[in-house]
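A.B. asks: Predicted model follows, preceded by the sequence.
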Amino acid sequence: MKEYILGIDTSAYTTSIALANLNENEIIADKRRVLTVPKGQKGLRQQDAVFQHLKNFHDLYDELETDLKNISVVSVSSMPRNVEGSYMPVFIVGQNYGKAIAKTLNCKYLEYSHQENHIAASLINEYKEISDNILGIHISGGTTEFLNVKKAPKGYTTVIAGGSKDITFGQLIDRIGTNMDFPFPCGMHMEKYLDNNQNFENIKMPAISGDTYINLSGMENHYYNLVLSNKFNKESIIKSLFKYIAECIIHIINNINCNFETVIIAGGVASNSIIRNLVFEKLKDKYKVILPTKENSSDSAVGVSMLPIIDRWYNEIKTN
């Protein structure tokens, strides 16, 4: 009989469920829906996001065409990070649905963090080959963290080694993007705009403030003033902003004083083609650089559906 893992992730802006085949180590379903942000707003209140998750989950779960009686594990992102006190109300939706489904099916229920979900989504095809010397970079609308990552018997342990002191890369993109009248979240719309507009002017990038921890709020003012000045076209400002973020990522990596062989770059910002390509070209000769597919960089339940498989391999095969 086939056995499936149902993965659930209800993050700040995406409702996601996925099914993994426990015995064949493959994703057989990946359903997700981005939450709706009203035009002109720069985000959602948690209660509004929770309401949308409640509706979206029912719709996505209804789309699964597999025999759900074959689910043997329900695996849920229940918190932002795998540390005590890490909490966001949106994850309660996934927790509650996951517990109810596991109870109904009389199957195993597991919890991981949203950050572990991103790490696992990055390593789906490579978790057997990667050593423990990993620098994990999680960059999104809510997070800019550079992490020492190690495999644990359950999931991954992470220790923050660098990041931003104020706003995140995702917030920087979204705040400049909304000032340019792009829909929120803005990154994908800004990147698409560049695909159709290639008239780039050279904009001198400012110095990066900090070493392993940097400040970004000053850059928000800098790029906001560029928008207001009307001295440069929109595509040039966007291209400069993306290049600046790539330079910040490389700058922090070069200043982190720890021994790592592999660099994982994950999270919604990591799905940006310009940022991905610039960082990869600068790092490829120094480290094994893992960039998940653009789809698996963004929020989904793919990683959390694979985590029980990765744990089983690690505990039953690698350590024996």
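C.D. replies: Okay, I see it.
A.B. asks: can you pull the contacts of N25?
C.D. replies: Each residue near N25 by C-beta atoms under 8 Å, 6 or more residues apart in numbering is listed here: M306, I309. Every C-beta, even on glycine, is put in place using the N, C-alpha and C of the backbone.
A.B. asks: 10 Å instead?
C.D. replies: N25 is in contact with I124, N125, Y127, K128, M306, I309, I310, R312, W313, counting by C-beta atoms under 10 Å, 6 or more residues apart in numbering.
A.B. asks: Over to the fourth one: give its phi and psi.
C.D. replies: Backbone geometry at K128, expressed as degrees, to the nearest 10, gives phi -80, psi -20.
A.B. asks: Surely it touches W313?
C.D. replies: Yes - with contact defined as C-beta atoms under 10 Å, K128 and W313 form a contacting pair (6.6 Å).
A.B. asks: Roughly how far does the residue positioned nearest the centre of the chain sit from F146?
C.D. replies: Central residue of the chain (C-alpha atoms, centre = their mean): G267, 2.2 Å from the mean position. From G267 over to F146 the distance is 11 Å, taken as C-beta to C-beta, to the nearest Å.
A.B. asks: And the helices in the protein, which stretches?
C.D. replies: With DSSP state H as the definition, the chain shows helices at residue ranges 46-63, 90-105, 114-122, 169-179, 187-196, 217-229, 234-255, 273-283, 294-297, 302-313.
A.B. asks: tilt between the third one and helix 302-313?
C.D. replies: Direction vectors for helix 114-122 and helix 302-313, defined by axes from the mean of the first three to the mean of the last three C-alpha atoms, to 10 degrees, enclose an angle of 80 degrees.
A.B. asks: Put the alpha carbons of helix 114-122 into PDB.
C.D. replies: Extracted as PDB, the C-alpha positions of helix 114-122 are listed here (Å, rounded to 0.1, in the frame of the first residue of the first chain):
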ATOM      1  CA  HIS A 114       8.700  27.300   8.600                       C
ATOM      2  CA  GLN A 115      12.500  27.900   8.300                       C
ATOM      3  CA  GLU A 116      13.200  24.200   8.400                       C
ATOM      4  CA  ASN A 117      10.600  23.800   5.700                       C
ATOM      5  CA  HIS A 118      12.600  26.200   3.500                       C
ATOM      6  CA  ILE A 119      15.900  24.400   4.200                       C
ATOM      7  CA  ALA A 120      14.400  21.000   3.300                       C
ATOM      8  CA  ALA A 121      12.800  22.400   0.100                       C
ATOM      9  CA  SER A 122      16.300  23.500  -0.900                       C
END
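A.B. asks: pLDDT averaged over that helix, what's the number?
C.D. replies: Confidence over helix 114-122, taken as the mean pLDDT, stands at 95.
A.B. asks: got the buried residues for that helix?
C.D. replies: H114, Q115, E116, N117, H118, I119, A120, A121, S122 (16 or more other C-beta atoms under 10 Å).
A.B. asks: Thought T143 was touching the second one, still the case?
C.D. replies: Yes - using C-beta under 10 Å, Q115 is in contact with T143, at 7.5 Å.
A.B. asks: Show me the shaky parts of this protein.
C.D. replies: Residues of the chain that meet the criterion pLDDT under 70 lie in 1, 318-320.
A.B. asks: Can you tell me the closest non-neighbouring residue to Y213?
C.D. replies: With sequence-adjacent residues excluded and distances taken as C-beta to C-beta, 6 or more residues apart in numbering, Y213 is closest to K165, at 5.2 Å.
A.B. asks: Quick one: residues contacting the one you found.
C.D. replies: T144, S209, G210, Y213, I214, N215, L216, S217.
A.B. asks: and which of these is nearest to N259?
C.D. replies: Using C-beta to C-beta, Y213 comes nearest to N259 of these, at 19.7 Å.
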